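Asks: Fold the following.
(2 chains)
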Number of protein chains: 2
Amino acid sequence: MSRVRVHNFSVSLDGFGVGVGQRLEAPFGHAGGRLLEWALPTRTFADMGLHGPAEATVGVDEAFASGWNTGIGAEIMGRHKFAPADAAWPDESWHGWWGDDPPFHTPVVVLTHHPRPPLRMQGGTTFHFVDAEPAAALTLARDLADGRDVRIGGGTTTVRSFLDADLIDEMHVVLVPILLGRGERLWDGLEGLEERFRIEATSSPSGVVHLRFWRRTPPV
Amino acid sequence: MSRVRVHNFSVSLDGFGVGVGQRLEAPFGHAGGRLLEWALPTRTFADMGLHGPAEATVGVDEAFASGWNTGIGAEIMGRHKFAPADAAWPDESWHGWWGDDPPFHTPVVVLTHHPRPPLRMQGGTTFHFVDAEPAAALTLARDLADGRDVRIGGGTTTVRSFLDADLIDEMHVVLVPILLGRGERLWDGLEGLEERFRIEATSSPSGVVHLRFWRRTPPV
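Replies: Numbering: from 1, shown residues only, chains lettered A, B, ... in the order given. Below is the predicted model:
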């Protein structure tokens, strides 16, 4: 069975995966760019064309960041990862934050209450818009993934809903030492999550902590 | 000026310093002993007589745990650290969780709305019961500390109120990889705390993460 994985998902020390006030110029709301600052210098993010410096890092942040796409056959993302809250919708003029050649290069299932026809981009990324609960969305994504793994790409509400439905096999959460105070909390309603997962923490010289979760018992 | 310090203060991954249902048999409520599991094997906690094993550890957990009492002249603690919610009070029969010779060996200011006469224990610990806001309690504790540092001993509400009043100079918080889901949150209402502190994270083989906070600008 293919695995369901979360990668490079950053939260603040107080558990927020996104701030308040998301808009076109501020995909993470009042969090600004702080939740992804650790990732931008890595070779993986530089190779995505995401504002990386000329000399990308290959230390522990890169070691964790680099796993995000290996063996992945499809992604599932929430509507707010695909589009800002105030983006024109559903008039189909919005094609995502990532330009003509998004970095996914696989089918991407976008969860939305306003389905629209599939959107085929350059480089192998096709967005499929579906109104579905986590389990049904996963069935579709698995089908599109053709036996490979499925990545749950965020945002916060989407990751939490898949955790809540016990559909996630592996997770990489990055704890960023800032306090956002407001926004969407990743951990709400997940008491006892450690009973389902082994958890390993690795601190990085960049200041963040990489948390790796994997199932105590593999799915059958 | 003497410093105000927090040591060995454990919180769950979702930010709770104590669970719900605190009582005599469960000082941390439904969290049980899980928030302090990392500390019990250390030499520092073994030397306090707190259930440590015969062969105490001297690794990274001990390196952080051991700093708790050096240079400390007084502690401030909340009423719930001194007594369970359902302990007889204010009939003065309750002398704390720690027996006749508490591990503090300094004056201890207990914040309570029900003051009572000072309680002198063996080994140099004297509990002073005062009804005071953080700043006034700190003035008293500094006086009792005779020029040495003051430790804010907890619980969660007490540490948070001193952070909120910007009275803390150094802090050691231990992140325990469990999700409690319910209880008292340490981080609530502290948006932007990182602007006042430098923060360093160190992961331990025991599974916890030691977070060290210290003021960006020393107090004048």
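Asks: how about residue A:129, secondary structure?
Replies: strand (DSSP: H, G, I helix; E, B strand; the rest coil).
Asks: That one pairs with what?
Replies: Residue A:129 has these beta-bridge partners by DSSP bridges: residue A:110.
Asks: What's the local residue count around it?
Replies: Neighbourhood size, residue A:129 [other C-beta atoms under 10 Å in any protein chain shown]: 20. C-betas here are computed from N, CA, C, even on glycine.
Asks: Can you check the pLDDT for it?
Replies: Looking at residue A:129, its pLDDT stands at 95.
Asks: now swap in residue A:51 and tell me
Replies: Looking at residue A:51, its pLDDT reads 61.
Asks: cool, residue A:28 as well?
Replies: 92.
Asks: repeat for the one 3 residues further on
Replies: According to the predicted model, the pLDDT of residue A:31 comes to 95.
Asks: Check which helices and strands the helix ranked longest in chain A sits against.
Replies: Ordering each helix of chain A by length in residues (DSSP state H) puts helix A:134-145 first. For helix A:134-145, the packing partners by 3 or more C-beta pairs under 8 Å, 6 or more residues apart in numbering or on different chains; DSSP states H and E come out as strand A:72-78, strand A:107-111, strand A:126-130, strand A:149-154, helix A:156-164.
Asks: Identify whichever of these lies nearest to residue B:147.
Replies: helix A:156-164 (47.5 Å; C-beta to C-beta).
Asks: Distance from the chain centre to that closest one, please.
Replies: How far helix A:156-164 lies from its chain's middle: 10 Å, per C-alpha atoms, centre = their mean, to the nearest Å.
Asks: and it, anywhere near chain B?
Replies: No: judged by C-beta under 8 Å from any C-beta of the partner chain, helix A:156-164 stays clear of chain B, getting no closer than 10.0 Å.
Asks: got the angle for the strand ranked longest in chain A vs helix A:156-164?
Replies: For chain A, the longest strand by residue count, based on DSSP state E, is strand A:4-12. Between strand A:4-12 and helix A:156-164, the angle formed by their directions is 130 degrees, by axes from the mean of the first three to the mean of the last three C-alpha atoms, to 10 degrees.
Asks: Quick check: which helices or strands does strand A:4-12 pack against?
Replies: strand A:16-18, helix A:60-65, strand A:149-154, helix A:156-164, strand A:170-176.
Asks: which residues touch whatever helix or strand comes next after the last one?
Replies: Per DSSP states H and E, strand A:170-176 leads on to strand A:184-185 as the next helix or strand towards the C-terminus. When contacts are taken as C-beta atoms under 8 Å, 6 or more residues apart in numbering or on different chains, the neighbours of strand A:184-185 outside the stretch itself are A:14, A:15, A:16, A:17, A:18, A:155, A:156, A:157, B:14.
Asks: Could you do stretch A:101-116 as well?
Replies: A:48-50, A:69, A:72-79, A:81-82, A:89-90, A:92, A:96, A:98, A:121-132, A:137, A:140-141, A:144-145, A:153, A:158.
Asks: Any of those residues buried? List them.
Replies: Using 16 or more other C-beta atoms under 10 Å in any protein chain shown as the burial test, the contacts of stretch A:101-116 include A:48, A:69, A:72-79, A:81-82, A:89, A:96, A:98, A:121, A:125-130, A:132, A:137, A:140-141, A:144-145, A:153, A:158 as buried.
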